[in-house]
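> Just to be clear, the model below is a prediction. Sequence and coordinates:
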Amino acid sequence: MNCRFALAPMAGYTDFTMRSVCASFGCGFSVTEMVSCRSLIYGAKLPAVTDLLLRGANEKKLAVQLFGFDPSDFREAVLILADLYPDAFDAIEINMGCPALKVTKTGGGSALLSDLPRAAAIIKAAANASVLPIGTKIRTGWDKPDASDELARIAAGEGVSYITVHGRTRAQMFKPPVDYSAIERVKRIFGHTVYGNGDIRGAADALEMFAGTGCDGVMIGRAALHAPWIFAQLAGFAVSKEAKLDAVLTQAREHVKWKGERRAIPELRGKLVHYFADAQNAKRYRFRVQQVQTLIDIEDILREFY
Ligand SMILES: Cc1cc2nc3c(=O)[nH]c(=O)nc-3n(C[C@H](O)[C@H](O)[C@H](O)COP(=O)(O)O)c2cc1C
């Protein structure tokens with residue numbers, strides 16, 4: 001799982017079609033959208049679950065991300081994955097950062113930052129059940145950065161392979177600043193692979209994150225939603241308009257191939273809108289994307305835009 005530039009999990013966005021586009025631009029490691037342990041336990045074969053577990057043929061390293069609150073659920077979910085998807089993933093990742101109320105009110109996601117004994121029990125349960133490496137994605141704490149140091153110690157003790165640190169507290173949600181010093185401490189205490197995450201939009205941000213934290217890799221979230229080619233740019237390559245068009249067209253076509261036009265088009269409207277974020281006449285394009293009915297409509301808009 002050691003790579004310089006990784007794609008962050010984003011529920012509702014980073015399905016295998018989007019991750020494949022990122023991989024085509026050199027993304028070396030990505031993570032599925034979060035999957036609830038209970039959904040695996042009670043409905044592992046339902047399309048709502050299996051869709052989240054698909055892997056693109058070109059994805060280099062892929063972790064499956066689990067969320068939940070009960071250590072025994074993690075154990076069971078890990079065993080189910082090993083049984084049903086023995087070759088699909090390179091790691092199991094435990095979500096300890098999700099700020100959404102529907103997750104935290106059950107005690108999962110970032111609520112684990114304020115219940116470290118439970119967090120430790122979850123890591124132990126997953127690690128004991130898994131033949132795959134275990135990773136975890138954390139924030140720095142619930143309302144102050146007081147959890148990540150201890151989590152780094154716990155993770156090191158349980159043989160965790162990597163930690164991604166989103167350098168914010170849960171209370172911060174997505175507001176600046178990103179706390180480099182907390183990420184730096186995790187790297188120092190944990191000693192193994194650490195990804196720094198938060199507000200990386202280009203090479204300058206990535207360099208600052210590397211220099212300011214000593215992290216091994218950076219994980220890119222929202223910037224990849226409107227620029228999946230950021231991975232090539234971070235590695236120093238220029239990306240032509242043609243390559244961008246080709247990438248977004250591929251994503252749209254693969255999505256339609258996967259779900260059929262009737263289901264794919266409404267989903268694609270919400271995803272494609274991000275590609276026009278920086279456009280001069282973004283508003284007009286955003287409006288047009290909301291009106292698309294067919295893949296041909298999408299292809300027309302994209303060709304015009306790029
Ligand atoms: C729409 C959206 C969905 C997200 N879903 C997840 C998720 O499923 N699991 C997770 O660990 N983090 C999730 N995150 C957090 C991101 O992985 C990342 O930590 C955060 O966006 C900060 O990185 P960025 O500043 O590069 O976007 C999500 C973020 C966004 C914006």
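The structure has been received and is ready for your questions. A quick note: this is a predicted structure, and the numbers were derived from the prediction, not measured. Numbers count the residues shown, from 1 in each chain.
> Sort out which residues of the lowest-mean-pLDDT helix or strand in the chain are buried, please.
Every helix and strand of the chain was ranked by mean pLDDT, DSSP states H and E. The lowest is helix 282-291, at a mean of 91. Of the residues in helix 282-291, those buried under the neighbour-count criterion (16 or more other CB atoms under 10 Å) are 285-286, 288-289. For every residue, glycine as well, the C-beta is placed using N, CA and C.
> Glu158 is in contact with Ala125, isn't it?
No. In this structure, Glu158 is not within contact of Ala125 by CB atoms under 8 Å, at 9.8 Å.
> can you give me the strands in this protein?
For the chain, the strands identified by DSSP state E occupy 5-7, 29-31, 35-36, 61-67, 91-96, 134-141, 162-169, 193-197, 217-220, in order along the chain.
> Nearest to Val103, out of those strands?
Across the strands of the chain, Val103 has its closest neighbour in strand 61-67 (6.0 Å, CB to CB).
> So what are the sheet partners of the closest one and their directions?
Taking DSSP bridges as the criterion, strand 61-67 sits next to strand 29-31 (parallel), strand 35-36 (parallel), strand 91-96 (parallel) in its sheet.
> how about the buried residues of helix 282-291, which pair is most distant?
Checking those against each other with CB to CB, the farthest-apart pair comes out as Arg286 and Arg288, at 7.4 Å.
> How many neighbouring residues does Thr61 have?
Let me fix one detail, which is that residue 61 is Lys and not Thr. Lys61: 18 surrounding residues under other CB atoms under 10 Å.
> re earlier: I'd like the buried residues of helix 282-291 as a markdown table, with distance to Cys37 appended.
A markdown table is the format used below for those (distance: CB to CB, whole Å):
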| residue | distance to Cys37 |
| --- | --- |
| Tyr285 | 39 |
| Arg286 | 36 |
| Arg288 | 40 |
| Val289 | 35 |
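> Pick the one among those closest to Ala171.
Relative to Ala171, the closest of those is Arg286; by CB to CB it sits at 30.6 Å.
> measure that closest one to Leu302 for me?
Per CB to CB, to the nearest Å, Arg286 is found 13 Å from Leu302.
> Please enumerate the shared neighbours of the two.
Residues touching both Arg286 and Leu302 do not exist when contact is defined as CB atoms under 8 Å, 6 or more residues apart in numbering.
> OK, contacts around Ala252?
With contacts taken as CB under 8 Å, 6+ apart, Ala252 has the following neighbours: 264, 268, 272, 295, 298-299, 302.
> Let's see that with 10 Å instead.
Taking CB atoms under 10 Å, 6 or more residues apart in numbering as the contact definition, Ala252 lies against 17, 264-265, 268, 271-272, 292, 295, 298-299, 301-302.
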